[in-house]
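Trainee: Turn this into a model:
(one chain, ligands or ions: 1)
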Amino acid sequence: MITVRFAPSPTGNLHIGGARTALFNYLFAKHTGGKFILRIEDTDKERSKKEYEENIFASLKWLGMHHDELYRQSERMHIYKDYASKLAKSENTYKCFCTREELDKKRQLFEKMKRSYKYDGTCRKLSRAKGDKLKESGKPFVVRFKMPEEGETIINDLVRGKITFDNKELDDIILERTDGVPTYNFCVVIDDALMKITHIIRGEDHISNTPRQIQLYKALGFELPEFAHIPLILGSDKTRLSKRAGAAAVTEYEDDGYIPEAVINFLALLGCSYSPTEEIFPLGELIKRFNLPHVNKSAAIFDFTKLDYLNGYYIRQKTEAEIAALVRPFLIKAGITPGEELLLKVVKLEKGRLKKLTDILDSKYFFKEVKEYDTAGFEKYFKDPVKIALLEIYRKEAEGVSFEATNLEVFTKSFAEKNGKKLGELVHPVRLALTGKLISPGLFEVMETLGKELCLKRLEAVISLK
Ligand code: GLU
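Mentor: Numbering: from 1, shown residues only. This is a model prediction of the structure:
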């Protein structure tokens, strides 16, 4: 059975890049009828935090990616210990007593020579007896793996093809730290093998770990899985994804008013192709179409415009009641408790314009008094007594009008004509008076939604400015 895993370290909130890795694994599992395992890689006690683990769970749940099995590495320490003894017995590992200072010095020397650092194997040459003696004397040590010194290690990557490493370049990686805690490279191999992971789908940044892990598989007598390294995500300026360019936690996207359907569709497009022409793929469609050969080699570019477009699209697919329920918490957070009937009317007006749920906050004027006006608009429309006088007459005549949008349109058009004005000369200042803004949904619909009483009151507030 095809089995994949998503293996985040709970050392931070689930990042958008991590979510993309999770999604590719999830889509592949669902596409093939396989299993999606979530494995929390929390061996680093200092940096791993429960709150981050919870953030990972909440983010995956929000995105709709449910795991079939869950593991925590911190609960599997005994397993790693067993394998460490096995490797020690088969003489595939050795104790390394080099101190941090000694290693730092060596590293600096390599840097000076502009060579990439590799542990020089000082302790590999120690006899076992000498090693045991040093251990007994209480000298701290790490356990290192003996990498083969000859030959090549080849990854047949399902995305990148054949990648060859000269074994001379692989250093003797640390499997256990001085405090006995096993390292990432060690745990990951044991877990992937014992959990019968068939395909390891992860970020390209792990390619350099892979030959080291392959050697561990071999030493432990495990069967090799398939590897698929997915491309990096770059910001729109083609450099490393920065916070400003989109590198944020999934929960931050949620707080910013993105909806999971859009985030899923967006992430799925980051480094994978589904069709030469289309871009809208809901989850079900992605599951049908996703496959590893469609993953691109080249880096994916994060494009906020596309994300906003998709978000707007998926918002529009919802019913007005659904949208109302989604935007309500954002209004409440802004101190507004909207009545359901009014909220539904506002959603109806705003639906086509919402890119993010937070855009609903542009329509606060439906729920709250208008206290401020767009500055440029104020200068243009409310400073001139002649223009205010026109608003005053408009307001007076509006008193006798029935406030349905079509009616208001007929009234305003004929009012403009009668007074020798262009329609815009009325629409803009009236809009500014009613909403505080120069841009809003159709003015007459806004007026109908606000109702006669509020409209007249807001016009009066502007007239009394003079
Ligand atoms: N815990 C590792 C990480 O978060 C997982 C790497 C892997 O998928 O092998 O980067």
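Trainee: Residue 46 in helix, strand or coil?
Mentor: Under the three-state scheme (DSSP: H, G, I helix; E, B strand; the rest coil), residue 46 adopts coil.
Trainee: Hmm, I typed the wrong one, I wanted residue 196.
Mentor: Quick answer, by three-state DSSP: residue 196 is coil.
Trainee: my read: it touches residue 3, true?
Mentor: Yes: the pair residue 196 / residue 3 is scored as a contact, 5.5 Å apart, by Cβ atoms under 8 Å. Heads up, the C-betas are built off the backbone N, CA and C, glycines and all.
Trainee: With neighbour numbers in mind, choose between these two.
Mentor: With other Cβ atoms under 10 Å as the criterion, residue 196 and residue 3 differ in neighbour count, and residue 3 comes out ahead with 20 against 13.
Trainee: so what's that one up against?
Mentor: Taking Cβ atoms under 8 Å, 6 or more residues apart in numbering as the contact definition, residue 3 lies against 29, 34, 35, 37, 195, 196, 197, 198, 199.
Trainee: which phi and psi does it have?
Mentor: In this entry, residue 3 is assigned phi and psi values of phi -130, psi 130 (degrees, to the nearest 10).
Trainee: Distance-wise, check the residue nearest to it when sequence neighbours are not counted relative to residue 49.
Mentor: Using Cβ to Cβ, 6 or more residues apart in numbering and skipping residues adjacent in sequence, the residue nearest residue 3 is residue 35, 4.5 Å away. Separation of residue 35 from residue 49 (Cβ to Cβ, to the nearest Å): 28 Å.
Trainee: Between these two, which is the more surrounded one?
Mentor: For residue 35 versus residue 49, the count of surrounding residues by other Cβ under 10 Å is larger for residue 35: 18 against 15.
Trainee: Now do the contacts for the more buried one.
Mentor: Taking Cβ under 8 Å, 6+ apart as the definition of contact, the neighbours of residue 35 are 1, 2, 3, 4, 29, 68, 69.
Trainee: quick one: residue 150 and the ligand, what's the gap?
Mentor: Distance from residue 150 to the ligand, counting by Cβ to the nearest ligand atom, to the nearest Å: 26 Å.
Trainee: Identify the residue nearest the closest residue to the ligand within the stretch 301-450 of the chain in space, chain neighbours excluded?
Mentor: With distances taken as Cβ to the nearest ligand atom, the stretch 301-450 of the chain approaches the ligand most closely at residue 302, which sits 18.9 Å away. Taking Cβ to Cβ, 6+ apart as the measure, residue 302 lies nearest to residue 246, with 4.2 Å between them; neighbours along the chain are not counted.
Trainee: quick one: the one you found and residue 234 touch, right?
Mentor: No: in this structure, residue 246 sits apart from residue 234 without contact. The criterion is Cβ under 8 Å, and the distance is 9.7 Å.
Trainee: Which neighbours do those two have in common?
Mentor: Common neighbours of residue 246 and residue 234, using Cβ under 8 Å, 6+ apart, are residue 302.
Trainee: Run through the bridge partners of the residue nearest to residue 77 when sequence neighbours are not counted.
Mentor: The shortest distance from residue 77 to any residue that is not its chain neighbour, by Cβ to Cβ, 6+ apart, is 7.3 Å, and that residue is residue 182. Judged by DSSP bridges, the bridge partners of residue 182 are residue 176.
Trainee: and residue 182, what does it touch?
Mentor: Contacts here follow Cβ under 8 Å, 6+ apart; on that basis residue 182 touches 43, 77, 80, 81, 84, 175, 176.
Trainee: what's the helix or strand for the third one?
Mentor: Under DSSP states H and E, the secondary-structure element containing residue 80 is helix 77-89.
Trainee: Helix or strand next in line after that helix, which one?
Mentor: Sequence order places strand 93-96 as the next helix or strand after helix 77-89, per DSSP H and E.
Trainee: Report all helices and strands that that next one contacts.
Mentor: Contact analysis of strand 93-96 by 3 or more Cβ pairs under 8 Å, 6 or more residues apart in numbering; DSSP states H and E lists helix 128-136, strand 142-145 as its packing neighbours.
Trainee: For that strand, buried residues please.
Mentor: Using 16 or more other Cβ atoms under 10 Å as the burial criterion, the residues of strand 93-96 that qualify are 93, 94, 95, 96.
Trainee: Secondary structure element holding the residue of the stretch 151-300 of the chain found nearest the ligand?
Mentor: Nearest to the ligand in the stretch 151-300 of the chain, going by Cβ to the nearest ligand atom, is residue 202, at a distance of 3.6 Å. Counting by DSSP H and E, the secondary-structure element that holds residue 202 is strand 199-203.
Trainee: Which residues of the stretch 151-300 of the chain lie near the ligand?
Mentor: 188, 202, 206 (Cβ under 6 Å from any ligand atom).
Trainee: what about the host helix or strand of the first one, distance to the chain center?
Mentor: Counting by DSSP H and E, the secondary-structure element that holds residue 188 is helix 184-194. Relative to the chain's own centre, helix 184-194 is displaced by 26 Å; criterion: Cα atoms, centre = their mean, to the nearest Å.
Trainee: repeat for stretch 442-462
Mentor: Average the C-alpha atoms of stretch 442-462, do the same for its chain, and the two points are 41 Å apart (Cα atoms, centre = their mean).
Trainee: for it, how far is the first residue from the last?
Mentor: Between the opening and closing residues of stretch 442-462 lies a distance of 20 Å (Cα to Cα, to the nearest Å).
Trainee: swap in stretch 448-456?
Mentor: By Cα to Cα, the extent of stretch 448-456 from end to end equals 12 Å.
Trainee: about what we covered before: what backbone torsions are found at the residue nearest to residue 3?
Mentor: Dihedral angles of residue 35 (phi, psi; degrees, to the nearest 10) stand at phi -120, psi 140.
Trainee: Give the burial count for residue 341, as a bare number.
Mentor: By the measure other Cβ under 10 Å, the count of residues near residue 341 is 8.
Trainee: Confirm that it sits in a helix.
Mentor: Yes: the assignment for residue 341 (three-state DSSP) places it in a helix.
Trainee: Let's see the pLDDT reported for it.
Mentor: At residue 341 the predicted local distance difference test score is 96.
Trainee: One more: residue 129?
Mentor: At residue 129, the predicted lDDT confidence score is 89.
Trainee: Next, find the distance separating it from residue 425.
Mentor: Plainly put, residue 129 is 98 Å away from residue 425 if you go by Cβ to Cβ.
Trainee: ok, the two, which is more surrounded?
Mentor: Counting neighbours by other Cβ under 10 Å for residue 129 and for residue 425 shows that residue 425 has the greater number, 15 against 8.
Trainee: Leaving out chain neighbours, which residue sits closest to that one?
Mentor: residue 416 (6.8 Å).
Trainee: just residue 189 next, same as before
Mentor: Of all residues beyond its chain neighbours, the one nearest residue 189 is residue 216 (4.4 Å), with distances taken as Cβ to Cβ, 6+ apart.
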